[in-house]
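S.K.: got a structure for you, letters missing:
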Ligand code: BGC
């Protein structure tokens, strides 16, 4: 790679409401082309959601190639693709489905996206992805200690970082607060669904944040999701203030983080594959001239 060459990956952010994607310059955290957003198919069953994401990725690649051709440049080299999804992801399998169709529970989602995109794809929890981007390019940059990134959207997602390292798949949106699943009251959707004023909603959010503070004593809480654009409407009502800041990447953190994770995992995988291939070339299977050693059983049988 030449100095100054862009490092490009595709980030897809699948949400309970919309599917967003863009080509991302992973070195700068900036979008390297148009951002596409479509509504999440309803019901949000795996088949239609994966197919819709596949069409979005196809459009992105065509647009990027066309833009390069128009500028007289070669097609961009896309070095990874990551998808953020609103559920914990263990070994490529989505394990819950709070804001998507229950068919996602136990679904081999990473394999399904890989098939639809026709290239190896890496799946990550959406809030973990957003957190990774915020820690690298946003409000978490250089922050050590325990930093918690919360995304306030259709649900509430969390990414916990300890000295910059992610503890994956935490689900602080589903803590029980005042006898209820916390995100039922503190998500951005909850405010709209319940027709609450910013202040009334901030009180519920505050209860959630206080409970998190008691359990984790974070040095910083970063609030992301679409509502972070309107932080001035609710931040003044939060009493754990001082250690709470709005996200800086706003709603794009999910796309940028998914691209970063996609690139990182792809690079690791390519490195591993290369090392294996090199080892195989360096050490071809020896052609055996000696008969195989007796097994313990054979030895016993022959006395
Ligand atoms: C899901 C999380 C997700 C969050 C934000 C929650 O309901 O359980 O996995 O990160 O919503 O989308």
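M.R.: Cool, got the structure. The shown structure was predicted, so the numbers you read here are calculated from the model rather than taken from an experiment.

S.K.: would you confirm that residue 149 contacts residue 161?
M.R.: Yes: with contact defined as Cβ atoms under 8 Å, residue 149 reaches residue 161; the gap is 7.2 Å. For every residue, glycine as well, the C-beta is placed using N, CA and C.

S.K.: what residues does the stretch 101-250 of the chain put near the ligand?
M.R.: Neighbours of the ligand within the stretch 101-250 of the chain, by Cβ under 6 Å from any ligand atom: 125-127, 151, 153, 155-157, 171, 173-174, 183.

S.K.: mind listing which of the residues you listed are in helices?
M.R.: When those are checked against helices (DSSP state H), the matches are 126-127, 183.

S.K.: in JSON lines, list the residues you listed along with distance to residue 39 and neighbour count.
M.R.: Conversion of these to JSON lines gives the following (distance: Cβ to Cβ, whole Å; neighbours: other Cβ atoms under 10 Å):
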{"residue": "126", "distance to residue 39": "16", "neighbour count": "29"}
{"residue": "127", "distance to residue 39": "21", "neighbour count": "32"}
{"residue": "183", "distance to residue 39": "21", "neighbour count": "27"}
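
S.K.: just curious, which of those is nearest to the ligand?
M.R.: Distances from the ligand to those, taken as Cβ to the nearest ligand atom, are shortest for residue 127 (3.9 Å).

S.K.: that closest one: what's it in contact with?
M.R.: Listed by Cβ atoms under 8 Å, 6 or more residues apart in numbering, the contact partners of residue 127 are 84, 149-151, 157-159, 173.

S.K.: just the closest of those residues to the ligand, please.
M.R.: After measuring these against the ligand - Cβ to the nearest ligand atom - the closest member comes out as residue 157, at 2.7 Å.

S.K.: pretty sure that closest one contacts residue 130?
M.R.: Yes: counting by Cβ under 8 Å, residue 157 touches residue 130, with 7.1 Å between them.

S.K.: okay, these two: which has more neighbours?
M.R.: Neighbour totals were compared for residue 157 and residue 130, and residue 130 leads with 35 against 32 (other Cβ atoms under 10 Å).

S.K.: nearest spatial neighbour of the more buried one, chain-adjacent residues omitted?
M.R.: residue 253 (3.9 Å; Cβ to Cβ, 6 or more residues apart in numbering).
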